[in-house]
Structures are given as structure tokens and as C-alpha cells.
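Asker: everything below, folded, please.
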Amino acid sequence: MKSDNHYEAAFEAYLRTRGVAVVPVVEDRRSYLDHAEVKSPDFLVIGPDDARLVVDVKGRKFPGGPAGRRLMWENWSTREDVDGLTRWAGRLGDGFRGVLAFVYEVLPVVRLPEDTPDLFAHRDRLYLARGVDVADYFEHMVARSPRWGTVHLPAHDFRRLVKPFSAFLDGRTEENTRPQMTQTSAQTKSD
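Answerer: Residues are numbered from 1 along each chain as shown. Sure, this is the predicted structure:
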């Protein structure tokens with residue numbers, strides 16, 4: 001966790017309100033696993049219903065895309081982050097799963113319904129917490145920029161795999177916990 005990253009600070013505050021055990025991982029130095037450098041996760045989370053999560057936070061703005069003008073749910077990551085999260089979850093043992101937490105800062109030009117799961121305010125900003133199991137992400141990811149080592153999920157796969165982050169804390173994995181993350185999920189204030 002980087003203390004100056006507002007997405008990670010907001011996510012930590014969100015987790016604390018959920019009554020879970022939270023261990024922020026300080027990223028000042030690289031970690032080592034099996035004698036090799038590996039990217040550290042941002043959080044270790046133990047949920048009230050035996051959820052055991054290794055979490056890497058991906059802060060994004062919504063709407064995303066060029067100059068924030070497109071209603072787009074950005075979901076890119078680095079291949080290194082996906083690999084590191086997978087390795088940490090495996091090393092921590094049975095019951096641990098890696099989760100990419102997409103924490104969206106919802107910009108003022110967008111209104112989401114107030115009852116949207118995992119919509120929360122922190123320090124005068126509005127956020128939305130979503131997650132994708134890293135194993136699912138790995139299975140469906142495609143290269144975004146080989147030069148920068150980034151990957152992403154095609155929109156149809158992201159809509160199918162993403163869930164409110166609370167579903168991971170509650171141990172729910174049913175289909176009905178998945179939000180419809182489409183362009184019609186949000187209305188601009190000009191609508």
C-alpha cells in the first residue's frame with residue numbers, strides 16, 4: 001500500500017467499515033518469494049465469513065477513456081501485478097485467493113443509483129469498489145500494451161467476471177452478485 005495513493009486509502013477505509021481484518025502491505029521495498037523478486041500485494045484481508053484475500057488495488061476514474069469523456073470501466077493491469085498476486089495467493093495457502101480490486105473514483109459528471117452495492121464516499125470523493133478473481137482475470141486477459149507489459153479484459157469478459165467487492169468478503173460467488181457494468185449503468189448529469 002502506498003500511503004499517498006487516494007484509491008488505496010479509500011479502499012482501506014471501505015474495508016474497515018466492513019468489519020474485516022486488514023493488513024496493509026507497505027510497498028517501500030520489493031518483496032522476495034522463492035528467491036525471486038515479486039510485486040507485493042496491497043492488502044491481506046480476512047473476512048468475517050472466512051474469506052482470505054490477497055488484494056491488489058487498481059485505482060481508476062469513471063468515466064474512463066480519453067479525457068474521461070467515455071463511459072468506460074477501465075480494467076487494465078500489468079502482467080507483473082497479475083503474476084505477483086497469483087504467486088502470493090498460492091504461497092499463503094489453501095483458502096487464499098487473489099483479487100484485483102478495481103476502485104473507481106466516480107467523477108461528478110456521473111450519477112449512480114444510491115443503492116449501488118459498494119458505492120462509498122471518502123474524503124469528499126465518491127468511489128465504487130469492484131473485484132475480479134485473479135485466476136479468472138488471468139484466464140481471460142489479453143495484451144493491451146506489450147511495450148508497457150499491460151493487460152486487460154475485453155468488455156464482455158469484464159462484465160461477466162466483475163462483482164461488487166463485498167461479494168468476495170461474504171464468500172458469495174453466485175451469478176446474481178455481478179453488477180451490470182455497462183454504459184447504461186450510469187447516467188451523466190446532463191441526461
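
Asker: who's the closest residue to Phe102 other than its chain neighbours bridged to?
Answerer: Excluding the flanking residues, the one nearest Phe102 by Cβ to Cβ, 6 or more residues apart in numbering is Arg130, at 4.6 Å. Quick note: C-beta positions are derived from backbone N, CA and C, even for glycine. Per DSSP bridges, the residues bridged to Arg130 are Phe102, Pro164.

Asker: thought Arg130 was touching Phe165?
Answerer: Yes. Between Arg130 and Phe165 there is a contact under Cβ atoms under 8 Å: 6.0 Å.

Asker: shared neighbours, the two?
Answerer: Counting by Cβ atoms under 8 Å, 6 or more residues apart in numbering, the contacts common to Arg130 and Phe165 are Ala101, Asp118.

Asker: let me see the contact set for the most centrally placed residue in the chain.
Answerer: Most central in the chain under Cα atoms, centre = their mean is Ala101, positioned 1.3 Å from the mean C-alpha point. Neighbour list for Ala101: Phe11, Asp42, Val55, Asp56, Val57, Lys58, Ala129, Arg130, Gly131, Phe165 [criterion: Cβ under 8 Å, 6+ apart].

Asker: now the helices for this protein?
Answerer: Remark: helices assigned in the chain by DSSP state H are 6-17, 79-92, 134-140, 155-161, 165-169.

Asker: please name every helix or strand in contact with the last one.
Answerer: Other elements packing on helix 165-169 under the criterion 3 or more Cβ pairs under 8 Å, 6 or more residues apart in numbering; DSSP states H and E are strand 96-106, strand 125-133.

Asker: quick revisit: distance of the residue nearest to Phe102 from Pro154?
Answerer: Counting by Cβ to Cβ, to the nearest Å, the gap from Arg130 to Pro154 is 16 Å.

Asker: which one's more surrounded, the two?
Answerer: Each of Arg130 and Pro154 has its neighbours counted (other Cβ atoms under 10 Å); Arg130 has more, 27 against 12.

Asker: picking that back up, who are the neighbours in contact with the residue nearest to Phe102?
Answerer: Trp73, Ala101, Phe102, Val103, Tyr104, Asp118, Val162, Lys163, Pro164, Phe165, Pro179, Met181.

Asker: per-residue pLDDT, it?
Answerer: Looking at Arg130, its pLDDT is 98.

Asker: about what we covered before: and the contacts of Arg130 as CSV, adding distance to Ser145 and pLDDT?
Answerer: Formatted as CSV, those follow (distance: Cβ to Cβ, whole Å; pLDDT from 0 to 100):
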residue, distance to Ser145, pLDDT
Trp73, 18, 90
Ala101, 22, 98
Phe102, 18, 98
Val103, 22, 98
Tyr104, 21, 97
Asp118, 29, 97
Val162, 21, 98
Lys163, 26, 97
Pro164, 28, 97
Phe165, 26, 97
Pro179, 27, 42
Met181, 22, 47
